[in-house]
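>>> Any chance you can model this:
(one chain, ligands or ions: 2)
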Amino acid sequence: MEYASDPVCISDLERVAKGIMPSGAWAYYDSGANDEQTKHENTLAFNNYRLHPRMLRDVSTISTETTILGQRARTPLGVAPCAMHKLAHPEGELATSRAAAATGGIMILSTYSTTALEKVIQPGGPQYWMQLYVYQQRSVSERLVRRAESAGFKAIVLTIDAPVLGRRLVDARNRFAPPPHLRLENFLQTEVASMPGYEGGEDAHGETFGETFGANGDQSLSWENGIPWLRSITSLPIIAKGVMTAEDTRLAIQHGCAGVIVSNHGGRQLDGTLATIDALPQVVEAAGDKLEVYFDGGVRRGSDVFKALALGARAVFVARPVLWGLAYKGEKGAKLALDILQSELELTMMLSGTRRIEEIDQSYVYQPVARWVRYAAGTNKPVAKL
Ligand SMILES: Cc1cc2nc3c(=O)[nH]c(=O)nc-3n(C[C@H](O)[C@H](O)[C@H](O)COP(=O)(O)O)c2cc1C
Ligand SMILES: O=C(O)C(=O)c1ccccc1
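Ligands and ions are numbered 1, 2, ... in the order given. Down below sits the predicted model:
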């Protein structure tokens with residue numbers, strides 16, 4: 001499809017990116033686990049929440065400024081951690097970081113970045129947080145934490161929904177592995193470089209991408225043996241990414257996490273969970289004022305950001321839309337993705353009579369009665385958009 005102008009919404013950007021990217025890389029970014037029920041539902045479930053707007057409120061001046069972990073941010077909209085931005089564009093994470101700095105939201109850097117963490121932080125930018133996995137060789141994770149501390153990252157985001165990688169069928173068929181010209185640059189440093197399969201920053205040993213990951217990840221990790229250990233090696237706030245239940249929210253509080261990210265990893269891990277927007281209310285209720293609740297999964301519209309804020313999220317992160325932007329035009333494209341969502345958020349605020357982020361509460365959405373997306377027999381195609 002030809003465009004006379006830049007893409008004007010995230011789904012335009014998705015189509016354009018699909019046309020540009022090599023099919024294996026596209027599939028790696030796009031795929032969810034197994035039947036992709038959860039991946040699709042993350043996006044579709046937003047439609048079940050209807051807005052409840054107020055009128056005649058003087059919306060001549062609005063602001064999306066907020067505070068996250070006690071620091072000011074120009075917007076609650078941030079970038080979720082995603083592996084290998086250089087699959088989308090040669091400037092990779094640096095381009096994304098510049099785009100995030102221009103927008104003013106938080107960027108979470110993946111351990112599996114194709115740019116070393118020391119090179120990513122932009123002066124005058126937003127807060128940067130470092131995403132971490134705990135490996136059997138804990139010294140490797142510890143070294144990554146030390147490096148993140150000295151580079152200026154402000155929190156550690158521990159991903160807890162991936163003791164092993166979920167099974168993504170297209171990747172399995174493609175036997176997807178990162179192309180040899182890309183390096184997982186965080187694994188280049190000596191103390192870290194010895195981990196089996198990641199020598200020299202390559203992902204070399206696994207049959208598929210997930211195998212090297214699974215061979216190194218610590219499957220015995222638990223709340224009891226993981227979080228206290230992490231707290232003992234760093235004073236940075238710890239945020240647990242991948243919480244989907246009230247039960248785990250209470251455990252996160254008990255173990256001293258500063259925040260949780262309600263996330264099902266974009267539907268790439270356990271297929272068949274709730275959509276994240278449907279899980280958010282129980283987490284917010286269990287969190288009370290004990291920790292901050294953040295959100296990701298399926299956000300494709302500024303109104304989706306608004307709905308997550310209304311249901312109690314303090315920050316809202318996007319992954320695939322930013323990668324699509326990067327594929328389209330590097331830094332400019334990543335900024336376009338964030339700008340589209342930001343301006344749609346501002347428009348939603350104005351049209352629903354909210355001027356500041358703190359005003360956006362539950363009263364601005366109708367909560368749905370439970371309704372599940374139905375699928376056409378034998379397919380993963382939803383019968384209808386709800
Ligand atoms: C290509 C890709 C790579 C990802 N890599 C990571 C990662 O390295 N660490 C992590 O915690 N989450 C990772 N995620 C999950 C995202 O952080 C996020 O939870 C999810 O994708 C958000 O949903 P969205 O893509 O619908 O915005 C990845 C997601 C994608 C699409
Ligand atoms: O692909 C992913 O979703 C992901 O989280 C990951 C995990 C290990 C290595 C690279 C990416």
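>>> Could you give the number of residues near the residue of the stretch 1-150 of the chain found nearest ligand 2?
Evaluated by Cβ to the nearest ligand atom, the stretch 1-150 of the chain has A83 as its residue closest to ligand 2, separated by 3.4 Å. C-betas here are computed from N, CA, C, even on glycine. For A83, the neighbour count with other Cβ atoms under 10 Å is 20.
>>> swap in Q71?
Around Q71 there are 12 residues (other Cβ under 10 Å).
>>> now do R231
16.
>>> what do you get for S363?
With other Cβ under 10 Å as criterion, S363 counts 10.
>>> excluding its backbone neighbours, what's nearest it?
Spatial nearest neighbour of S363, excluding adjacent residues (Cβ to Cβ, 6 or more residues apart in numbering): H52 at 6.5 Å.
>>> any chance you could read off phi and psi for the one you found?
Main-chain torsions, H52, degrees, to the nearest 10: phi -130, psi 80.
>>> which stretches of this structure form helices?
10-20, 23-30, 37-44, 92-103, 138-151, 169-174, 190-193, 209-216, 223-233, 246-254, 276-287, 302-310, 320-351 (DSSP state H).
>>> Which secondary structure elements does the second one sit against?
It stands for helix 23-30. helix 10-20, helix 169-174, helix 320-351 (3 or more Cβ pairs under 8 Å, 6 or more residues apart in numbering; DSSP states H and E).
>>> For that helix, what is the distance to the chain centroid?
17 Å (Cα atoms, centre = their mean, to the nearest Å).
>>> weakest of the helices of the chain by average pLDDT?
Mean pLDDT values for the helices of the chain show the minimum at helix 190-193, a mean of 66.
>>> Pick out the residue of this protein closest to ligand 1.
G266 (2.6 Å).
>>> before we move on, the earlier item: as TSV, the helices and strands packed on helix 23-30 with distance to T159 and mean neighbour count would be great.
Output for the helices and strands packed on helix 23-30, formatted as TSV (distance: least, Cβ to Cβ, whole Å; neighbours: other Cβ atoms under 10 Å):
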stretch	distance to T159	mean neighbour count
helix 10-20	24	18
helix 169-174	18	16
helix 320-351	17	23
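>>> now for these, which one comes closest to ligand 2?
helix 169-174 (8.6 Å).
>>> Run through who's touching the closest one.
Helix 169-174 is touched from outside by 24, 27-28, 30-31, 34, 176, 208-210, with contacts defined as Cβ atoms under 8 Å, 6 or more residues apart in numbering.
>>> Kindly report the residues of the protein close to ligand 2.
Counting by Cβ under 6 Å from any ligand atom, the chain comes close to ligand 2 at 83, 112, 162, 165, 213, 265, 268.
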